[in-house]
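> Need a 3D model of the following:
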Amino acid sequence: MDVHRSATHGRMNHSPSHPTQAFQPIHLQLEALRLRHQPPPTLVLDAQPAQTVISLHSTPSELQSWSQLVRSDLAQHRPLSRLILTWATLVAEIESLTVEARQHFYAPLLLYGVAGDLSPEPGDGALSLARILPLLQKVSDFQEHCQRVMLNLFQQLSIFYSTQPEPAGLPPSDNREVHFQVIFDHLGRLLVTLITLDAIIQSHTALQTDWLAYRDLVEGALSDDRARPGLNELEIQLKRLDEKIFGAGLFLACVYQPYDLDGLNIPGNEALFEALIFSLKCSLNDLDRGVGQGQVDFPLHVVEFAAKFVLISTLFRIPEKRLSKRMWDHLKKFPAVVLFDTVMWFPDQFFTSCLPKYAKTVDDKTMQQFPTSRQTSIKTSAQTLTQDMRQFHAKMETKLKSFSGTPSLDELERKSQLLLQGIQLASTIRGTVSLMLNVHGKLSAPLTKSSVISLCTMLEMLKAIEYVYQRHMLSILDVINHANQHRSVMIITILGKAKELQALSLLQRTVQDACSAEFFYSHRVVLPVYFNHVYESRHDSANRLMYMFWILRDCCQPLTQVVHLADSKALQSSFEAEIMTIFENTILKPLCKDLETDLRLQVHSHLKLEDRNPFTSSVSKDLSPLINVAPILFVGKFIDIKAYVEDYLSRIFYNLTTVALHNWRTYGEMRALAAHKFGTVTVDDHLPAQTLEQVNFTYQFLRKKFVIFSQFLYDEHIKSRLIKDLRYLKENQAYPFERASKFNKGIRKLGHMPDGLTTYLDQFRMLIAQIGNALGYVRMIRSGGLHFVSNAIRFVPDLEDIPNFEELSKKEEMSSESIEAARILDEVVANLNQNFFDGTQYFQLLVQVFAKQLSEKKHVHLKAFYAILPPLTLNYLEYIMAAKDKLNKMNVKAAIFTDDGFAMGIAYIFQVLDQWSGFDSLHWFQTVRNRYVKQRSQVMEQMNSQNDEKLKQTLSLTLKRLEAYQKEFDLLNFSLSSARIFFRNDEDEVDEADQDNEEEGTETETGLASEGNPGKTTP
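Residues are numbered from 1 along each chain as shown. Predicted coordinates:
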């Protein structure tokens, strides 16, 4: 820095009448030189997985050094070149310091103590503090560097504005009219950087607590003489850090450092004081005009002004009251400013701590107004901001499409202004959201749901603006190149375009800074509210989900800079897991649940369900907007909502089908409906044809029915009548029809069911029919399973000669992958073949499981069951005839044409109770057939002997009725014989065949005898 100081002693020879011609536009000329040498944008591959795969970086980079840019071969210009080089170096150094602090210090310090979902352990505080000690040492070195730069800067300014006589050989000069606003602006930014570091450290409770605990730990260890030699140096460093970082503060340490070194009386330099006051007035004028209001850091200009005011007041004296009053008028507009993330700056507290004596001179009403203003600010809302954002978004989309080609100057100016307006709007959005979230957090004021949704919508629009710039970056770069060329030519004559030129040159970086949302990490607690809103208003919000994940992506970058954890990536991984958990619980799981419910309700729409109001029920609303959202990139991973839903449906359909195989058709319909409505592709379950679950269900059903069956036969009224019938059968070989009819009428006299129509015998008949239907259900499922397996195995040429593909693959010496595939193919084919030829007799299983239990002594009353069959069949005959008659009537309620369940139930119960022989001994169906044959013969004989036509018509109807009754009895006999086949054993086939032959012979003889002697038949 000595070279720079010596350069300022050589004064430039300029005319006293025009002292500002050579110096005032120095920074503008320097900027013009830099822009003329900037390279064109290049196409690069972005290495960050969370960013776009291919992106354009348009940030200019300097190819020439500062000395080369300001170099001049003319001797009279060399002092000016050295002067420009001095100021440029200092400005570049200050800018480098501010960037260093933001990139390397802010996030690690602010995130200290944050461990995500990692559970704390004893001693973690001291261990974390030990890990962050190198960073604290760097902060201390950074503060010393800032002190040296500020000291050198003021020494350079003091010499430049010195009123001492010029060196020999040079004419006197007066530099009071020469001002370096750019230097003073950069000085303000450096001061704000120090203020931000102080605010982070002083407001960090965990850091302060762990620091004190660590100091106590080291002091305790120093009491051990053996550890003292190794800890002395550490103790010295800790005291040094405690004084610089945790003591008065970094900002005040730089402000209160001694500046009057090397014989320079900087506090007594009135010219320098006037230059600084002039800089403050220029800054106030910019604030009055709103200059830079759309810049990313515009609220920080107020902090910069306050920091420079404190510096000048400390180094020199308090500025004039008029300037002070103007400053407080502007501070009232900014009662709170966000320095970084959640770090806030309050004007009243700042001046009270930095200039306590001056703060006491300020009007009490003014100082009390700031807390009130902060309370009031939480009630304000940017109602028109969302509308402005949408208008701008639409405007950008339409205007930026025409950015190709070489535009005219007017068109170029319009498009350049449009680009700058986008940055201004993004900066306003970011500042508003950050301020509102932080003020609510600092004042512990809860946010309403509507406020959270509004803020999240504004953040979405922030990312939408960034997306517009990224989408049209090629067109924008073309405009920037033309605009820079035009402004570089006009920069000397039109000085007001300099800031616009700089903004356009750094457009991409400025857009990224303006649209950055890394501060949202500290306010992620509002995410569940936002995601719930997205789910409820999915038609309007589903497509904006990607913007929120871009915001969350911004939050990940600072998390990788933490140093207090053993694994620097642990916090980011924890944050990713936290976000995915919230997203899954608020959107993915409710979506899957409502989708499943919606599919179930539609599949079962034939049932009588309650009406679903589409305006109140979320299930009735369309779920397709969320399902059709494109995959979202988040930290190197894609979040595919549709794939998540498909996986959920596949698991549900498979798992629930395996639990209840009888519902396979329902889930098949749900799968087809989901594919039709939402385009989902689910995995087919490919479940084998098994009826074990159906058998288990049927077993539970039959077990309950047999309890009722046993209770009916155990009833005293029923049991006493059956005992009488059994005694009668011991003395007679057949069960007469009249006795069965009398039994049926006797049961009817016992009373009816609550409906007044059904008798107890009717209920018993229906019970047997239900048992038979349950067995029919098992057979139906078994047949359907075999049909399914036959379709799956139809491509196997010969089921009896299936080759072993694994052995054939090994024989051909194929690869291990091919052999493994052949092995799996063998298993699949073998499984299908086994299911196809599965000969499990489920009827026999159901017979055996109940036969053993019902044959016990406590069920001895069931042995009389076969004796109730005659009256039970008469009851069935009356029921089936009445039901069939209803088919020909208008009221077809309860009308049927068959009831195979009754015959199946009787056959099953006979097999379980082993009562086929007892029933056969009744010769019941033969008795009924003989009765109806005799009655028909009598009616036909009466018809032949009568001449009355009306009587003949009556007898004809009687004959038809008898024929219908005989037909129904024959159908019941045939059904019972067919059902008997399902339960027969191989050993019983020969006996049953012989018995059928005997019955046919007897039936033939009886029929011939009846026809030969019709008059002797007993009616």
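
> all contacts plus neighbour counts: C-alpha atoms, from now on.
Fine.

> Per-residue pLDDT of the residue nearest the centre of the chain, please?
Closest to where the C-alpha atoms of the chain average out (Cα atoms, centre = their mean) is residue 583, at 2.9 Å. Residue 583 is assigned 92 on the pLDDT scale.

> Around residue 852, how many other residues sit close by?
Residues lying near residue 852 (other Cα atoms under 10 Å) number 11.

> which SSE is it in?
helix 842-854 (DSSP states H and E).

> Could you chop this structure up by domain?
Annotated domains of the chain cover 531-604+621-678, 691-770+858-984 [the TED database].

> ok, back up a step: which strands and helices lie in contact with the helix holding residue 852?
The contact analysis (3 or more Cα pairs under 8 Å, 6 or more residues apart in numbering; DSSP states H and E) places helix 842-854 against helix 692-714, helix 900-913.

> out of those, nearest to residue 592?
Smallest distance to residue 592 across those (Cα to Cα): 27.1 Å, for helix 692-714.

> Quick check: which ranges of the stretch 401-550 of the chain have low pLDDT?
Applying pLDDT under 70 to the stretch 401-550 of the chain flags residues 401-408, 484-505.

> that's a helix at the residue nearest to the centre of the chain, yeah?
Yes - Residue 583 sits within a helix when classified using DSSP: H, G, I helix; E, B strand; the rest coil.

> ok, it - contacts?
Neighbouring residues of residue 583 by Cα atoms under 8 Å, 6 or more residues apart in numbering: 528, 531.

> how close does it sit to residue 928?
Using Cα to Cα, to the nearest Å, residue 583 is found at 75 Å from residue 928.

> Tell me, what's the model's pLDDT at residue 823?
On pLDDT, residue 823 comes in at 92.

> Quick check: closest non-adjacent residue to it.
Nearest non-adjacent residue to residue 823, counting by Cα to Cα, 6 or more residues apart in numbering: residue 806, 5.0 Å away.

> which is the next helix or strand following whichever strand or helix holds that neighbour?
When elements are assigned from DSSP H and E, residue 806 belongs to helix 805-811. Per DSSP H and E, helix 805-811 leads on to helix 816-836 as the next helix or strand towards the C-terminus.

> ranges for the helices of the stretch 101-250 of the chain?
Using DSSP state H, counting those that start in this stretch, the helices found in the stretch 101-250 of the chain span residues 106-110, 124-160, 181-202, 205-222, 228-244, 250-255.

> Off-centre distance for the longest one?
Counting by Cα atoms, centre = their mean, to the nearest Å, helix 124-160 is centred 44 Å from the centre of its parent chain.

> okay, the angle between that helix and helix 205-222?
Put simply, helix 124-160 runs at 100 degrees to helix 205-222, going by axes from the mean of the first three to the mean of the last three Cα atoms, to 10 degrees.

> buried stuff in helix 124-160?
For helix 124-160, burial by neighbour count (16 or more other Cα atoms under 10 Å) applies to 125-126, 128-133, 135-137, 139-140, 142-147, 149-160.

> contacts for stretch 700-707?
Under the contact criterion Cα under 8 Å, 6+ apart, stretch 700-707 has outside partners 767, 771, 774.

> which residues sit in contact with the closest residue in space to the last one that isn't next to it in sequence?
Sequence neighbours aside, residue 698 is the residue nearest to residue 774 in space, at 6.2 Å (criterion: Cα to Cα, 6+ apart). For residue 698, the residues meeting the contact criterion (Cα under 8 Å, 6+ apart) are 774-775, 778.

> Buried ones among those residues?
Buried, going by 16+ other Cα under 10 Å: 774-775, 778, out of the contacts of residue 698.

> For the helix or strand that comes right after the helix holding residue 852, buried residues please.
Tracing the chain C-terminally past helix 842-854 and defining elements by DSSP H and E, one meets helix 869-885 next. Neighbour-count burial for helix 869-885 flags 869-877, 880-881, 883-884 (criterion: 16+ other Cα under 10 Å).

> Now do helix 869-885 against helix 900-913, angle only.
Orientation check (the same axes, to 10 degrees): helix 869-885 against helix 900-913 gives 160 degrees.

> what's helix 869-885 packed up against?
Against helix 869-885 (3+ Cα pairs under 8 Å, 6+ apart) you get helix 737-749, helix 760-792, helix 949-982.

> Can I get these in CSV including mean pLDDT?
Formatted as CSV, the helices and strands packed on helix 869-885 follow (pLDDT from 0 to 100):
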stretch, mean pLDDT
helix 737-749, 86
helix 760-792, 84
helix 949-982, 87
